[in-house]
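Participant: Next one to model:
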Amino acid sequence: MPISSNASGNAPVPPWVWVGLLLVPPALFLLGVLTWAAWHVVYWDRIYPGVHVAGVDLSGLTRQEAEARLRRAFPYPEEGRITLTWQDRTWTYRPVELGFVIDYASVAEAAWQVGRTGHLLERIRSRWRAWRHGVNLPLPAVFHQAWAYARITNDMVPYIGRPPQEARLWLEGTQVRYEPGRAGRAVDWDRLLPQLARNMGLMRNARIDIPTVSVQPDILEAEDLARHLTRLLSAPLRLTLPDPAADDPGPWEVPPQQVAAMLRIEKAQDEQGRWQYVLRVDPEPLRPFLKTLAPQLLRLPVNARFTFDPETRTLHLLEPAVYGRRLNIPQTLEAVAQALRAGRHEVTLALDIQPPPVTDEARPEDLGIRELVAEHTTYFYGSSMARMRNIQIAGSRFHGYLVAPGEVFSMVALLGEISLDSGYQEAPIIFGDRTIRGVGGGVCQVSTTLFRTVFFGGYPVVERHPHSYRVYYYELTASGRVDPKWAGLDATVYVPLVDFKFKNDTPYWILMEVEVNIPHRYIRWRFYSTSDGRRVEWGTTGLRDRKPPPEPRYIENPELAPGEIRQTDWPIEGGTVTVWRQVFRGDQLLFEDTFTTRYQPWPAVCEYGPGTPGMPPS
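Facilitator: Numbers count the residues shown, from 1 in each chain. Predicted coordinates for the structure are as follows:
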């Protein structure tokens, strides 16, 4: 089919032109691909054009070639020189020996990576920028300060360094030993390392004077504490009582050797973090001594003693109250520690003070002391002066004493020791099956009087022991005759085994008054309190199953002269007697009790001098 002309009448385009137009784009594309492939083949293992490191052109070089070129361009780590001086000594180092290094291989690798990272378009743009404008990578130089520190320390510290010497303070027995401290010297790394970094960072040789710094010990001096310890151990520690009475024990001294055993020197930091020597005091070594001291200082509280005027209903102070005290060992130990820390040589013992229930200011209405509630009198006609003296001493132990509500009163506890040292004298006492002279004869006159006061006052008897035989003193009347109705109403005490006890079962205090009248030979016991309306009914069986006294006994006494005879005991018959009691309040029976006593018959006893005619042989 013929090719027609276009409307304008131009000549037709030859067919080969159309073929050429169709083949040009593929040809250009193929040429580009071939060119790209050839370029990649050339730079397969080489750095792309335009890549520099610190101004050094690495274009077209392999990584190994680039590393070599950088080593030649920057030889400072191996060829540079750093000289350190101190006084007349010098040390010269290559920078690499002090830890200054350039990682040539890493930077060559980084140059090779330009144009090879990221996605395809990023890689193309990166290669284009390098070829068109150039890329200049920094030179990575590193200063390892730890290497420099280790090398310089190893080489120079033996010449420059001097360790600080800490002050020493210690005790040898009671001797205080003290050595002052001394400052040390060391390389001033805070100044030296920045100088090294600055010079090596600029890759220049340098001569540097090694800076040093004074190194202070933790503790440079402890002279004040040394003087404190010296003064402290120069004298004993004195322990005293607060406001001591004339009869109080003490003072006591703790020798310096024992004081030194309580001291500790320790290293500690203050609030600002500064170290110092401090004195620690451990008073525990003193505890055993204080434990032995405590019983000496123990004083139980004692009520004030009074007499009572029933007409005015007032109390009159007879003996002031005694405040109790007890050694407080923990507080005393703390006081010792405080004194030693302060450098004092005297410590006041810490005491716990306990007031008694009844002080000097007590009022009768506070105690329920209003009236006479019980009273009894016994007589001791025919007693020796020694026996009467003993009655007087024993009775004084109870005069003015207050028995608390609910208290079980113990006569032995208040009577105390019966001995010559406490004022008692020798008088007849019952010992076994005979009467002998012994210390304290007559005390049972006091216990018997108290028993009867309690009995007729209607108070419960807790403990009572009768005599083994009848004592005529306890059956005497005011006229001096013997009244058998009093048999079975005696009570004996023997410190500390045999006691008489009763209970104050009322809500009121009982004030005891004991009157011993020597000229008229009687002892009278009074109870002042508040009556609760109780009354006593009592009776006695009288002496039954009577037993006559045995035959007289004769005993040789080498202290008597030949022919001298002296009667020491008089005969008295034995028997059994029972006394009963009922205690009422109104028509109500509060309680009842009975007291049965079995008396042994007692023979007459005579003593005679050796060789007395008519007496049996000894």
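Participant: Tell me the spacing between Pro15 and Met200.
Facilitator: 77 Å (C-beta to C-beta, to the nearest Å). Where you see a C-beta, it was placed from the backbone N, CA and C, and this is true even at glycine.
Participant: Between the two, which has more neighbouring residues?
Facilitator: Higher neighbour count among Pro15 and Met200: Met200, with 25 against 9, using other C-beta atoms under 10 Å.
Participant: Please tell me how far the closest residue to that one other than its chain neighbours sits from Glu79.
Facilitator: In space, and not counting its chain neighbours, Met200 is closest to Phe100: 4.3 Å by C-beta to C-beta, 6 or more residues apart in numbering. Between Phe100 and Glu79 the computed distance is 12 Å (C-beta to C-beta).
Participant: Now name the helix or strand holding the residue nearest the centre of the chain.
Facilitator: Central residue of the chain (C-alpha atoms, centre = their mean): Pro330, 6.6 Å from the mean position. In the assignment (DSSP states H and E), Pro330 maps to helix 329-342.
Participant: shaky segments in this protein?
Facilitator: Filtered on pLDDT under 70, the chain yields the residue ranges 1-11, 13, 17-21, 23-24, 27-40, 42, 427-440, 617-618.
Participant: let's see it at 50
Facilitator: 1-8 (pLDDT under 50).
Participant: before we move on, the earlier item: Phe100 and Glu79: which is more packed in?
Facilitator: Of the pair Phe100 and Glu79, Phe100 is the one with more neighbours under other C-beta under 10 Å, namely 25 against 11.
Participant: ok, Asp270 - how many residues close by?
Facilitator: 9.
Participant: can you check Arg116 too?
Facilitator: 12.
Participant: still on that earlier bit, contact partners for the residue nearest to the centre of the chain?
Facilitator: Not one residue lies near Pro330 by C-beta atoms under 8 Å, 6 or more residues apart in numbering.
Participant: can you tell me how far it sits from Pro285?
Facilitator: For Pro330 relative to Pro285 (C-beta to C-beta), the value is 15 Å.
Participant: And Val493, by the same measure?
Facilitator: From Val493 to Pro285 the distance is 46 Å (C-beta to C-beta).
Participant: same question, Ser214
Facilitator: The value you get for Ser214 to Pro285, if C-beta to C-beta is used, is 42 Å.
Participant: If you count surrounding residues, which of these two has more?
Facilitator: Pro285 (14 against 11).
Participant: Leaving out sequence neighbours, find the closest residue to that one.
Facilitator: The nearest residue in space to Pro285 (C-beta to C-beta, 6+ apart) is Ala261, at 4.9 Å.
Participant: What number of residues are in the vicinity of that neighbour?
Facilitator: 17.
Participant: wait, what's in contact with Pro405?
Facilitator: 368, 504, 506-509 are the contacts of Pro405 under C-beta under 8 Å, 6+ apart.
Participant: Now list the buried members of the residues you listed.
Facilitator: With neighbours counted by 16 or more other C-beta atoms under 10 Å, the contacts of Pro405 contain buried members at 368, 504, 506, 508-509.
Participant: What pairs with the helix or strand Thr576 falls within, parallel or antiparallel?
Facilitator: Using DSSP H and E, Thr576 falls within strand 574-585. Strand 574-585 pairs in its sheet with strand 534-540 (antiparallel), strand 544-547 (antiparallel), strand 588-599 (antiparallel), by DSSP bridges.
Participant: what about the shortest one, distance to the chain center?
Facilitator: For strand 544-547, the distance between its averaged C-alpha position and the chain's averaged C-alpha position is 69 Å (C-alpha atoms, centre = their mean, to the nearest Å).
Participant: ditto for the longest one
Facilitator: Here strand 588-599 is found 55 Å from its chain centre; the criterion is C-alpha atoms, centre = their mean.
Participant: Give the next helix or strand downstream of that strand.
Facilitator: By DSSP H and E, the next helix or strand past strand 588-599 is strand 605-608.
Participant: Name every strand pairing with that next one and say which way it goes.
Facilitator: For strand 605-608, pairing defined by DSSP bridges yields strand 553-556 (parallel), strand 565-569 (antiparallel).
Participant: JSON lines for those strands, including mean neighbour count and distance to Val96?
Facilitator: Below are those laid out as JSON lines (neighbours: other C-beta atoms under 10 Å; distance: least, C-beta to C-beta, whole Å):
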{"stretch": "strand 553-556", "mean neighbour count": "15", "distance to Val96": "125"}
{"stretch": "strand 565-569", "mean neighbour count": "15", "distance to Val96": "125"}
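Participant: Reformat these into a markdown table and put distance to Leu120 next to each item.
Facilitator: Below are the strands paired with strand 605-608 laid out as a markdown table (distance: least, C-beta to C-beta, whole Å):
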| stretch | distance to Leu120 |
| --- | --- |
| strand 553-556 | 145 |
| strand 565-569 | 144 |
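Participant: and Asn390, which of these is closest to it?
Facilitator: Nearest to Asn390 among these is strand 565-569 (17.8 Å), distances taken as C-beta to C-beta.
Participant: ok, residues contacting that closest one?
Facilitator: Applying C-beta under 8 Å, 6+ apart, the contact partners of strand 565-569 are 428, 434-435, 553, 557, 560, 602-609, 612, 615.
Participant: Next, give phi and psi for Glu407.
Facilitator: phi -80, psi 140 (degrees, to the nearest 10).
Participant: show me the contacts for it.
Facilitator: 503-504.
Participant: Pro460 versus that one, what's the distance?
Facilitator: To Pro460, Glu407 is 12 Å away according to C-beta to C-beta.
Participant: And Pro601, by the same measure?
Facilitator: Distance of Pro601 to Pro460, computed by C-beta to C-beta: 32 Å.
Participant: Next: Ile510.
Facilitator: In terms of C-beta to C-beta, Ile510 sits 13 Å off from Pro460.
Participant: of those two, who's got more company?
Facilitator: The neighbour comparison of Ile510 against Pro460 (other C-beta under 10 Å) goes to Ile510, with 27 against 15.
Participant: Enumerate every residue touching the closest residue to that one other than its chain neighbours.
Facilitator: Spatially, and ignoring its direct neighbours in sequence, Ile510 is nearest to Val403 (4.1 Å; C-beta to C-beta, 6+ apart). Shown in contact with Val403 (C-beta under 8 Å, 6+ apart): 409, 504, 509-510, 512.
Participant: again with Val96
Facilitator: Per C-beta under 8 Å, 6+ apart, neighbours of Val96: 77-78.
Participant: Can you classify it by secondary structure?
Facilitator: Three-state assignment for Val96 (DSSP: H, G, I helix; E, B strand; the rest coil): helix.
Participant: can you tell me how far it sits from Arg116?
Facilitator: Counting by C-beta to C-beta, the gap from Val96 to Arg116 is 30 Å.
Participant: again, but for Gln600
Facilitator: 134 Å.
Participant: Ala561 against Gly611, yeah?
Facilitator: No. Here Ala561 does not reach Gly611: they are 9.3 Å apart, not a contact under C-beta atoms under 8 Å.
Participant: rewinding a little: out of the buried ones among the contacts of Pro405, who's nearest Ala130?
Facilitator: Once C-beta to C-beta is applied, the member of those that ends up nearest Ala130 is Trp509, at 117.4 Å.
Participant: That closest one contacts Gly368, correct?
Facilitator: Yes. Contact criterion C-beta under 8 Å: Trp509 and Gly368 qualify, at 5.6 Å.
Participant: so what's the residue nearest to Met200 up against?
Facilitator: Contacts of Phe100 by C-beta under 8 Å, 6+ apart are 76-77, 80, 141-144, 200.
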